[in-house]
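Student: Dropping the sequence and predicted coords here.
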Amino acid sequence: MIKGSVATAALAFSQFPLAAFGFSQPEATGTLVPFLDRLPATPNRPMIQWGQLTQWMTPEEDFFAVSHYGAAKVDMAQWHLEITGLVKKPKIFSLEEIKSRRRKEIIATLECSGNGSSPTFMGAVGNTRWTGTPLGPLLRECGLKKAGIEVVFFGADEKTEKIKDHDYLQNFARSLSVEDALQDRILLAYEMDGKPLPPGHGFPLRLIVPGWYGVAWVKWLKRIEVQDRRFMGRFMARDYVTIRGEERPDCTVWRETSVTRMNVKSVVARVVRRPDGTVRITGAAWTDGTPLKHVELKIDDGPWLTAQLDRKQQAKYAWTFWTYDWKDSKSGEHSLVSRATDVNGTIQPAADDPSIKLKKTYYEANQQYPRRIQL
C-alpha cells in the first residue's frame, strides 16, 4: 500500500518556504499542523528527506538507490559497452566515445516500484537532471535486423541464481521492446545533476527510461543485446510482477503483469495554518509522462476540490507540486486525501477501487492515501 508513503514528507515540508518547492508565491508565515497518523521514520539509507528539500531537484544525498545483487565495482580499465545480438554490425564503445556523441539532458522523476509499500520504505522517489546520449542512434548504426523485437540491457552486477534446480551466474537485466528502445527519451546516461554518475547510481553508465519505474533504469550498464523473443529473466518475468484480481459474477480472474510504466499518483505533503486563518495544504503528483489534467483534494466527506498546480518549474517526466488554500476551516479532527487525474482520464484510485482492490503484490502502490489532522 501507499499508506504513509510520505509520512515523513508531511512533517518535514514545514521547514521551508513554498517557493523552495517551485511555487511562484512565497508562503506567508504560519504554524505547522502536524498529521495525527505519523508513521515510523525511514531507516538510515539514501532516501528523500522531505524536511531538507530546498529545491525542485532532489539532492544526491537524499536520492534513493536500490541494488539487487549489490553495487557493482567497475574497473574502468576494462569497462566498455557492447551492442550485440540481432544487429548487422555489433559494436563496442568506450565511455569517451559515448560522451562524444549527441548530448541530451532530461529532467525526470525516478520512483522505485515498491515505494510506499510499507511504513519503512517511504522515500524512494526523487527528481533530477540526467545527461547522456540517446540510445536510438547507436542501435540504428548497428543495424537492427528485422527479426529483433526486444532489446535487453545487462548490468555489471551479478549473482548466482537457482533456476529449475540448477545454479546459473546471472547479471541484473531488464528489457524494452525495440519500439520503446528507439524513442529519443531513452538515454545512456553518464551524468546525474551535472556530475558523473555516483557509484551507487550506476557509474559509469546507466539506462534512463523516463516514465517507467526505477527497476527499468539498469545501472552499471555493460551489454545491450537485441533478441528475437521476449526476455524472461528474473526481474521481468519472475520478480517485479503485479498480480491483480478482477471480480466477476461467477469467479475471480487473476492477471500477472510486468512492472513497467509509472502509475498516476499524488500525495498530501503538509498543512500550515496561516496568520489570516487560511489552512494551506500542499502536495506533489507525478505520472508516466502523460500530462496532468488536475489534482483534487477531498476534505472529510466533502466534494472533490480542485488544487492549484505549479507551472513555474515543470517538465514532462518530472513531478508537479500543488496547493490548496482552505479558507473556511473548522476546529476539530479532519481527513485529507488527494487524487490526480491525467489528460487521458486516468484517475488515481481509492484503496477499494476495483482496479486495485485485489492487488496482491506491493509493487505499483499508487492508491489514494488519506491523512488526518487536528485543527
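Tutor: Cool, the structure landed. Every value quoted in this text rests on a predicted model; they were computed, and no experiment measured them. Numbering: from 1, shown residues only.
Student: show me what contacts residue 263?
Tutor: Residues counted as contacts of residue 263 (C-beta atoms under 8 Å, 6 or more residues apart in numbering) are 287, 288, 348, 364, 366. Just so you know, the C-beta spots here come from the backbone N, C-alpha and C atoms, and that holds for glycine as well.
Student: mind redoing it with 10 Å?
Tutor: For residue 263, the contacting residues are 111, 113, 213, 242, 286-288, 340, 342, 346, 348-349, 355-356, 363-367, by C-beta atoms under 10 Å, 6 or more residues apart in numbering.
Student: and those residues, which are buried?
Tutor: Buried by 16 or more other C-beta atoms under 10 Å: 111, 113, 213, 242, 286-288, 340, 342, 346, 348-349, 356, 363-367, out of the contacts of residue 263.
Student: Give the helix, strand or coil label for residue 254.
Tutor: Recorded secondary structure, residue 254: strand (DSSP: H, G, I helix; E, B strand; the rest coil).
Student: pLDDT value on the nearest residue to it once chain neighbours are set aside, please?
Tutor: Among residues not flanking residue 254 along the chain, residue 245 sits closest, at 5.1 Å (C-beta to C-beta, 6 or more residues apart in numbering). The model reports residue 245 with a pLDDT of 93.
Student: check which helix or strand covers residue 245.
Tutor: Using DSSP states H and E, residue 245 maps to strand 241-247.
Student: first to last residue in stretch 245-263, what's the distance?
Tutor: Chord length of stretch 245-263, first to last residue, is 18 Å (C-alpha to C-alpha, to the nearest Å).
Student: so how far is that stretch off the chain centroid?
Tutor: Remark: stretch 245-263 is offset 21 Å from the chain centroid, using C-alpha atoms, centre = their mean, to the nearest Å.
Student: now do stretch 321-338
Tutor: In terms of C-alpha atoms, centre = their mean, the centre of stretch 321-338 is set 27 Å apart from its chain centre.
Student: swap in stretch 180-188?
Tutor: Here stretch 180-188 is found 17 Å from its chain centre; the criterion is C-alpha atoms, centre = their mean.
Student: Now do the helices in this protein.
Tutor: Remark: helices assigned in the chain by DSSP state H are 7-12, 95-99, 135-142, 178-181.
Student: dump the residue contacts of the residue nearest to residue 110 when sequence neighbours are not counted.
Tutor: Counting by C-beta to C-beta, 6+ apart, residue 214 is the residue found nearest to residue 110 once chain neighbours are left out, at 5.2 Å. Shown in contact with residue 214 (C-beta under 10 Å, 6+ apart): 64-66, 109-115, 124-126, 259, 262.
Student: So which of the residues you listed are in strands?
Tutor: Within the contacts of residue 214, residues falling in strands by DSSP state E are 109, 110, 111, 125, 126.
Student: isn't the third one right up against residue 285?
Tutor: Spelled out, that is residue 111. No - assessed by C-beta atoms under 10 Å, residue 111 is found out of contact with residue 285, at 11.9 Å.
Student: Find the residues that touch each one of these two.
Tutor: In terms of C-beta under 10 Å, 6+ apart, residue 111 and residue 285 are both contacted by the residues 265, 319.
Student: Quick check: bridge partners of residue 153?
Tutor: Applying DSSP bridges to residue 153 gives these bridge partners: residue 174, residue 224.
Student: Do I have it right that it meets residue 173?
Tutor: Yes - counting by C-beta under 10 Å, residue 153 sits close enough to residue 173 to count as a contact (6.3 Å).
Student: Neighbour count for those two, which is higher?
Tutor: It is residue 153, of residue 153 and residue 173, that has more neighbours when counted by other C-beta atoms under 10 Å, with 26 against 19.
Student: contacting residues around that one?
Tutor: By C-beta under 10 Å, 6+ apart, residue 153 lies in contact with 135, 171-176, 181, 188, 206-207, 209, 216-219, 221-225, 231.
Student: Please parse this structure into its domains.
Tutor: 7-60+259-374, 65-230 (automatic domain parsing).
Student: average pLDDT for the longest one?
Tutor: Spelled out, that is domain 7-60+259-374. Here domain 7-60+259-374 scores 82 as its mean pLDDT.
Student: same check, this time on the shortest one
Tutor: The predicted model gives domain 65-230 an average pLDDT of 95.
Student: among the ones in strands among the contacts of residue 214, which two are most distant?
Tutor: Within those, 111 and 126 form the most distant pair, 8.0 Å apart (C-beta to C-beta).
Student: where do the contact lists of those two overlap?
Tutor: Overlap of the contact sets of residue 111 and residue 126 (by C-beta under 10 Å, 6+ apart) consists of 64, 214, 319.
Student: ok, the second one to residue 132 distance?
Tutor: Summarising the geometry, the distance separating residue 214 from residue 132, computed by C-beta to C-beta, to the nearest Å, is 16 Å.
Student: repeat for the last one
Tutor: Applying C-beta to C-beta, one obtains 21 Å for the distance of residue 319 from residue 132.
Student: And the two? Which one has more around it.
Tutor: The neighbour count for residue 319 versus residue 132, taken as other C-beta under 10 Å, is higher for residue 319 (28 against 25).
Student: Just list whatever residues bridge to the nearest residue to the more buried one once chain neighbours are set aside.
Tutor: Of all residues not flanking residue 319 in the chain, residue 286 sits nearest, at 4.1 Å (C-beta to C-beta, 6+ apart). As for beta bridges, residue 286 partners with residue 265 under DSSP bridges.
Student: No further queries at this time; thank you.
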